[in-house]
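Enquirer: Turn this into a structure:
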Amino acid sequence: MIPVLNQCLPDPPGDIPTVFSVFVRLSEKGEASEVVTELDQALGECMTAAARKMPFPEAPRDGYWIQVNMAAPL
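Expert: Numbers count the residues shown, from 1 in each chain. Reported below is the predicted structural model:
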């Protein structure tokens, strides 16, 4: 998720890392269909577009949500 986040961060990012969660909805094939963040809707929309190209492990079913805890200077 770091490459996806880096594509969506403002340039230059802030100095202090912010801890937050990212929620990714996966298809059964392991494709990201939606990313939601606790911080900002626009960041989640950007990450959704970028994450569609990122491979994830196969999910147990369509619409399966995973949580990724992250820290980044925002």
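Enquirer: Low-confidence stretches in the chain?
Expert: Along the chain, segments meeting pLDDT under 70 span 12-17, 74.
Enquirer: Helices along that one, start to end?
Expert: 2-8, 41-51 (DSSP state H).
Enquirer: can you put those helices in TSV and add distance to residue 61 and mean neighbour count?
Expert: To be clear about C-beta, it is placed using only N, CA and C from the backbone, and glycine gets the same treatment. Putting the helices of the chain into TSV (distance: least, C-beta to C-beta, whole Å; neighbours: other C-beta atoms under 10 Å) gives the following:
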stretch	distance to residue 61	mean neighbour count
helix 2-8	23	15
helix 41-51	19	17
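Enquirer: Tell me which of those helices lies nearest to residue 60.
Expert: Comparison of those against residue 60 by C-beta to C-beta identifies helix 41-51 as nearest, at 18.8 Å.
Enquirer: For residue 1, give me its contacts.
Expert: Counting by C-beta atoms under 8 Å, 6 or more residues apart in numbering, residue 1 touches 22, 24, 47, 51, 54, 68, 70.
Enquirer: got the contact list for the residue nearest to residue 52 when sequence neighbours are not counted?
Expert: Using C-beta to C-beta, 6 or more residues apart in numbering and skipping residues adjacent in sequence, the residue nearest residue 52 is residue 32, 5.7 Å away. The contact partners of residue 32, taken as C-beta under 8 Å, 6+ apart, are 24-26, 48, 51-52, 54, 56.
Enquirer: Can you lay out the helices of the chain as a markdown table showing distance to residue 63?
Expert: Output for these, formatted as a markdown table (distance: least, C-beta to C-beta, whole Å):
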| stretch | distance to residue 63 |
| --- | --- |
| helix 2-8 | 20 |
| helix 41-51 | 14 |
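Enquirer: picking that back up, relative to residue 38, which of the contacts of residue 1 is nearest.
Expert: Nearest member of the contacts of residue 1 to residue 38, counting by C-beta to C-beta, is residue 22, at 8.1 Å.
Enquirer: distance of the closest one from residue 56?
Expert: Note on residue 22: its distance to residue 56, by C-beta to C-beta, to the nearest Å, is 12 Å.
Enquirer: In terms of neighbours, single out the busier of those two.
Expert: Ranked by neighbour count (other C-beta atoms under 10 Å), residue 22 and residue 56 place residue 22 first, with 21 against 16.
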